[in-house]
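Undergrad: Fold the stuff below for me.
(chains A, B, C and D)
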There are 2 protein chains.
Amino acid sequence: MTTHRTDPIQLPVSDAIVLAPGVALQGTRRRFVRNEEVFGEGEAADHLYRVVAGVVRTIRFSCDGRRQILAFHFPGDVFGLEAGPRHGYAAEAVTDASVAVVRRSMIETAAARDPLAAQGLLRLVTSHLTQSQEHVLVLGRKGAGERVAAFLLQLADRVRPDIDLPMSRADIADYLALTIETVSRAFTQMERDQAIDLPTSRHVVLRNRGALEQLQAA
Amino acid sequence: MTTHRTDPIQLPVSDAIVLAPGVALQGTRRRFVRNEEVFGEGEAADHLYRVVAGVVRTIRFSCDGRRQILAFHFPGDVFGLEAGPRHGYAAEAVTDASVAVVRRSMIETAAARDPLAAQGLLRLVTSHLTQSQEHVLVLGRKGAGERVAAFLLQLADRVRPDIDLPMSRADIADYLALTIETVSRAFTQMERDQAIDLPTSRHVVLRNRGALEQLQAA
DNA sequence: CGCTCGATTGAGCCGCGTCAAAGTGCGTGG
DNA sequence: CCACGCACTTTGACGCGGCTCAATCGAGCG
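TA: Presented below is the predicted three-dimensional model:
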């Protein structure tokens, strides 16, 4: 999970990748329909991507074919950065999405030329690392209810108590390493506890944030 | 887990941090005894560290105080890189350890001056990110036996079928998000299956690598 | 209106955590 | 050198949380 804007009023997100104030790389825009692959695991990693509109997930498959979602990427978020020449994970559109694409070589020359760009790039990857470590902590040390509560709080992040989930129960389950049934039960339980409202399965209203925070506290 | 050398013949590891060929930063050496804290969660993050000898773990605590080990760092590995001004996790010596320390400001000026240094730094963080994502996959999608098998294979990594575990069962458990009992049972089971030998609890001999790899395959 | 896909709910089971009790190795001091 | 103590590991019995399997429900859409 990279940022967590489900803004009804979308910030204007251009199709440039901004590495630092004053350092922006113009990209070409590509559109993807729901569940379309942006890039596949093992493909050459010679582009960098930025979500303009919609939501994108990055995923890996374990040897036996079970899916693990590594992160959800919201408008403004950058994804696709890799150490090696090939992608170690795949990316897919969660919703219809618009994505800005920049050649990796462009990034690299910009970073080589401008220290500020290099610094911005580093900051980007470092923040992804921090988020991945948080993910490890959640999967390692939290129970089912706690994971779902933490997930909702991440999405709500700011004052907004109203969340329009862009992803299915299956996506949530594969992100939190649970089953759809368990996620569903967690939602129902939280509704029963007056912590949230569920007008529809994709629409969550935070009714009692304190209760959620307590629930989340592993 | 950053690298996985349990080399009996330790490579000579100097107390410099090498960001790129030709770009090395001299650090000061500090020694730590077993279980000593290298830095704490929340402390100012104005140093970068490199293991010279011994093993270091980075850890986070969940709200209820349960420990999650994020990574083990072996000689040559760099750790302590952070996005923000403060450490989001702590670091402790697993064994008596010798660590090279470099001021963060030194790193930053080197990266600002030399694009190769910046590139090396980026590569470093990116590889940490890849490893953290692998960790997510293991915790999310593997059962107990599979986790332990994957852990051992990581440690053995090369041809060396002989592993001298530098860490306790408790450390392994907190890295794999299991309990010491479950880790212990996994070891005994693997021994029963002729996959490994356990001359002592800290000494593992890989007897049947194929079996381990099959076990690891979730 | 009926089909289909996603979400919910229930029943039963199993893997791993919990609790408790030995067992093992190592360092220390007598 | 041996005896003791302590920390770590192993092993067993048992319970519970989350997975599996299965049925039902509900919403969007042709």
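
Undergrad: low pLDDT regions in chain A?
TA: Residue ranges of chain A with pLDDT under 70: A:1-13, A:158-159.

Undergrad: Mind doing that once more with 50?
TA: A:3-10 (pLDDT under 50).

Undergrad: Show me which residues of it are close to DNA strand C?
TA: A:168-170, A:180-181, A:183-185, A:187-188, A:198, A:201-202 (Cβ under 7 Å from any atom of the strand). The C-beta positions use only the backbone N, C-alpha and C, and glycine is treated the same way.

Undergrad: at 6 Å instead, please
TA: Counting by Cβ under 6 Å from any atom of the strand, the residues of chain A close to DNA strand C are A:168-170, A:180-181, A:184-185, A:187-188, A:198, A:201.

Undergrad: Ranking by neighbours, what's the top pick from these?
TA: Within these, most neighbours by other Cβ atoms under 10 Å in any protein chain shown means residue A:187, with 20 neighbours.

Undergrad: Enumerate every residue touching the spatially closest residue to that one that is not a sequence neighbour.
TA: Counting by Cβ to Cβ, 6 or more residues apart in numbering or on different chains, residue A:187 lies nearest to residue A:198, which is 6.2 Å off, once chain neighbours are set aside. Counting by Cβ atoms under 8 Å, 6 or more residues apart in numbering or on different chains, residue A:198 touches A:187-188, A:191, A:204-205.

Undergrad: what about residue A:106, how many neighbours?
TA: 15.

Undergrad: gap between it and chain B?
TA: Look at residue A:106 and chain B: by Cβ to the nearest Cβ, to the nearest Å, they are 15 Å apart.

Undergrad: In three-state terms, label the residue nearest the centre of chain A for me.
TA: Nearest to the geometric centre of chain A sits residue A:72, at 1.8 Å (Cα atoms, centre = their mean). With DSSP: H, G, I helix; E, B strand; the rest coil as the basis, residue A:72 sits in strand.

Undergrad: Same list (the contacts of residue A:198) but as CSV, adding secondary structure.
TA: Putting the contacts of residue A:198 into CSV (three-state DSSP) gives the following:
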residue, secondary structure
A:187, helix
A:188, helix
A:191, helix
A:204, strand
A:205, strand
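
Undergrad: before we move on, back to that, so which of the residues of chain A next to DNA strand C are in helices?
TA: When these are checked against helices (DSSP state H), the matches are A:169-170, A:180-181, A:184-185, A:187-188.

Undergrad: For chain A, which segments are assigned as helices?
TA: Counting by DSSP H, chain A has helices at residues A:104-113, A:115-141, A:144-156, A:169-176, A:180-192, A:209-216.

Undergrad: any chance of the ones you listed in CSV, plus distance to residue B:119?
TA: Below are these laid out as CSV (distance: least, Cβ to Cβ, whole Å):
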stretch, distance to residue B:119
helix A:104-113, 7
helix A:115-141, 7
helix A:144-156, 32
helix A:169-176, 32
helix A:180-192, 41
helix A:209-216, 38
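
Undergrad: For these, give me CSV that also has distance to DNA strand D.
TA: Listed next are those as CSV, based on distance: least, Cβ to the nearest atom of the strand, whole Å:
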stretch, distance to DNA strand D
helix A:104-113, 36
helix A:115-141, 10
helix A:144-156, 4
helix A:169-176, 8
helix A:180-192, 3
helix A:209-216, 12
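
Undergrad: who wins for proximity to residue B:148 among the ones you listed?
TA: Distance to residue B:148, taken as Cβ to Cβ, is lowest for helix A:115-141 among the helices of chain A, at 14.6 Å.

Undergrad: what comes up buried for that closest one?
TA: A:115-122, A:124-141 (16 or more other Cβ atoms under 10 Å in any protein chain shown).

Undergrad: next one: stretch A:48-63
TA: Using 16+ other Cβ under 10 Å, the residues of stretch A:48-63 that count as buried are A:48-60, A:62.

Undergrad: do that stretch and DNA strand D meet?
TA: No: judged by Cβ under 6 Å from any atom of the strand, stretch A:48-63 stays clear of DNA strand D, getting no closer than 12.2 Å.

Undergrad: How far does that stretch stretch from one end to the other?
TA: Its start and end residues considered, stretch A:48-63 measures 26 Å (Cα to Cα, to the nearest Å).

Undergrad: now that stretch, how far from the centre of its chain.
TA: Distance, stretch centre to chain centre, for stretch A:48-63: 7 Å (Cα atoms, centre = their mean, to the nearest Å).

Undergrad: do the same with stretch A:27-43
TA: For stretch A:27-43, the distance to the chain centre is 15 Å (Cα atoms, centre = their mean).

Undergrad: So for it, what gets flagged as buried?
TA: Using 16+ other Cβ under 10 Å as the test for burial, stretch A:27-43 gives A:27, A:30, A:32, A:38-39.

Undergrad: list the contacts for the residue sitting furthest away from the middle of chain A?
TA: Within chain A, the residue lying farthest from the chain centre (Cα atoms, centre = their mean) is residue A:113, at 29.8 Å. Counting by Cβ under 8 Å, 6+ apart, residue A:113 touches residue B:115.

Undergrad: what does the one 5 residues further on give?
TA: Contacts were defined as Cβ under 8 Å, 6+ apart; by that measure residue A:118 touches A:111-112, B:111-112, B:115, B:118-119, B:122.

Undergrad: Recalculate using a threshold of 7 Å.
TA: A:111, B:111, B:115, B:118 (Cβ atoms under 7 Å, 6 or more residues apart in numbering or on different chains).

Undergrad: Which members of those are the farthest-apart pair?
TA: Spatial extent of those (Cβ to Cβ) is set by the pair A:111 and B:111 at 10.2 Å.

Undergrad: any idea how far residue A:59 is from residue A:167?
TA: Per Cβ to Cβ, to the nearest Å, residue A:167 is found 12 Å from residue A:59.

Undergrad: With residue A:122 instead?
TA: 25 Å.

Undergrad: farthest pair in the contacts of residue A:198?
TA: Longest distance between any two of those is 14.6 Å, between A:188 and A:205; criterion Cβ to Cβ.
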